[in-house]
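J.: 3D model of this:
(2 chains)
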Amino acid sequence: MKPKHQRLVLGLLALGAVAGAAGLALSALQDQAAFFYAPGDVAGKPLPLGKAVRLGGMVEAGSLVHKPDGISMAFVVTDGKAKVPVAFRGVAPDLFKEGSGVVAEGKFNRDGSFTADNLLAKHDERYMPPQVAGKMHKTETLDK
Amino acid sequence: MIHALANPTRFLKLARPLTPVLFWAGVALALFGAWGGLTQTPGDYLQKESVRILYIHVPAAWLGMGGWTGVAGASLGYLIWRHPLAHIAARAIAPAGAVFAALCLITGAIWGRPTWGTWWEWDGRLTSMLLLFFVYIAYIALARADADRGGDGRVPALFGVAGSVLLPIVRYSVVWWNTLHQGQSIGLTSSSIDSSMLWPLFFTIGGFTLLFAGVVLMRMRAMLAIQRVEARMRRMAAQ
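T.: Residues are numbered from 1 along each chain as shown, chains lettered A, B, ... in the order given. Sure, this is the predicted structure:
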């Protein structure tokens, strides 16, 4: 074996070892690296009570209620598997609306509902002009 | 082909006329794409006009990751075949890639504020891209320190190869974990960006890529010239 080939084999082995180590580390990270809980993640399991967490999913169509004080609102977050009622007081981002993605920052309550102190809007990977969006019938944007 | 180009004289003969062609073609394509993206395409149904930052953000992300692919490939070539030109190529690519990774992070933050409602969140995609930027900075520092101490470039080359594990993590972060960042829009064969909004993106991606290649050739030629000057100085000092 020429030294060149030796180095080639060594290099590829090293690359494989590094990739393997990264794979192990990533699989150990698993859910820890998730940005938010989906409603289905917490359904039927003990709630992460008392700590600040994020809850993400779709704002269920028809669930958004603005309270008379003008700044409080309530809505339901769903991922198609489970639903969580959310209460929020504050200013929501422009893209926040029913049938669209949201990530709420806040805390779970004992009864399974969620109190948010900040909202982030999540959008999907589709981009199109308004005319095209208008023509398309309501395709499900769930869980994206 | 690669082996033939490993000869610095032959490489320079080709790089000299190629540099201005790549550079100016890149500038022209990028400007045309920017014009198209700013004036000729419709706004997004959801994001309105802010979607136009896509025409800078996507090429920046592409080159931020493509740049490291280049650093890793050249580093591997240097480790195996010991081509001095491969070492120079890796060092020439790194700062250009770092600039585009930074541009990707900055335009992403500016885009995130009006759409998501935040400049920055520690989600999988954003965090892994920030890590890639730090890896660039570390590589540049390491390569410079190695050169200052008269090293043969093997240590930065090892780092260049090892850093490539970040690339699939950045790419698949939006698949493996739930993230604030949306999924991939453009695949090999399909795209979820409407065709009326998509075409300027190809011009900015192509333009920035040519510009990137031109800058890398410029840097490689400058580094080869410095090497020659230093070699001549050493010869003169020895006489």
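
J.: pLDDT at the residue nearest to A:Ala14 when sequence neighbours are not counted, what is it?
T.: Closest residue in space to A:Ala14, ignoring its immediate chain neighbours: B:Val161 at 7.2 Å, by C-beta to C-beta, 6 or more residues apart in numbering or on different chains. Just so you know, the C-beta spots here come from the backbone N, C-alpha and C atoms, and that holds for glycine as well. At B:Val161, the model reports a pLDDT of 91.

J.: What's the first helix or strand after the helix or strand where B:Val161 lies?
T.: Per DSSP states H and E, B:Val161 falls inside helix B:154-162. Downstream of helix B:154-162, the first helix or strand assigned by DSSP H and E is helix B:166-176.

J.: ok, the residue nearest to A:Tyr37 when sequence neighbours are not counted - contacts?
T.: Among residues not flanking A:Tyr37 along the chain, A:Leu55 sits closest, at 5.4 Å (C-beta to C-beta, 6+ apart). Residues near A:Leu55 by C-beta atoms under 8 Å, 6 or more residues apart in numbering or on different chains: A:36-39, A:77, A:84, A:86, A:103-104, A:106, A:108, A:114, A:116.

J.: Quick check on A:Leu55: phi, psi?
T.: Dihedral pair for A:Leu55: phi -120, psi 130, per degrees, to the nearest 10.

J.: circling back to that earlier point, pull out the buried residues from the helix holding B:Val161.
T.: Buried residues in helix B:154-162, counted by 16 or more other C-beta atoms under 10 Å in any protein chain shown: B:156-162.

J.: pull the CA atoms of it into PDB?
T.: The C-alpha trace of helix B:154-162 is given here as PDB (Å, rounded to 0.1, in the frame of the first residue of the first chain):
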ATOM      1  CA  ARG B 154      -2.100  19.500   8.600                       C
ATOM      2  CA  VAL B 155      -3.800  20.600  11.800                       C
ATOM      3  CA  PRO B 156      -6.100  23.100  10.100                       C
ATOM      4  CA  ALA B 157      -6.800  20.600   7.400                       C
ATOM      5  CA  LEU B 158      -7.900  18.000  10.000                       C
ATOM      6  CA  PHE B 159     -10.200  20.700  11.500                       C
ATOM      7  CA  GLY B 160     -11.500  21.500   8.000                       C
ATOM      8  CA  VAL B 161     -12.500  17.800   7.500                       C
ATOM      9  CA  ALA B 162     -13.900  17.400  11.000                       C
END
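
J.: And that helix, what does it pack against?
T.: The helices and strands touching helix B:154-162, judged by 3 or more C-beta pairs under 8 Å, 6 or more residues apart in numbering or on different chains; DSSP states H and E, are helix A:3-29, helix B:54-81, helix B:84-115, helix B:124-148.

J.: again, 6 Å this time
T.: Secondary-structure packing of helix B:154-162 (3 or more C-beta pairs under 6 Å, 6 or more residues apart in numbering or on different chains; DSSP states H and E): helix B:54-81, helix B:124-148.

J.: show me the contacts for B:Ala162.
T.: B:Ala162 sits next to A:Val18 when contact means C-beta atoms under 6 Å, 6 or more residues apart in numbering or on different chains.

J.: The residue nearest to A:Ala14 touches B:Gly77, doesn't it?
T.: No. Between B:Val161 and B:Gly77 there is no contact under C-beta atoms under 6 Å: 10.0 Å.

J.: Please report the number of neighbouring residues for residue 62.
T.: Answering for chain A, as no chain was given. As a burial measure, A:Gly62 scores 10 neighbours (other C-beta atoms under 10 Å in any protein chain shown).

J.: Chain B was what I was after
T.: 19.

J.: try the one 10 residues further on
T.: Applying other C-beta under 10 Å, we find 24 other residues in the vicinity of B:Ala72.

J.: right, and it touches B:Ala157 too?
T.: No. Using C-beta under 6 Å, B:Ala72 is not in contact with B:Ala157, being 9.4 Å away.
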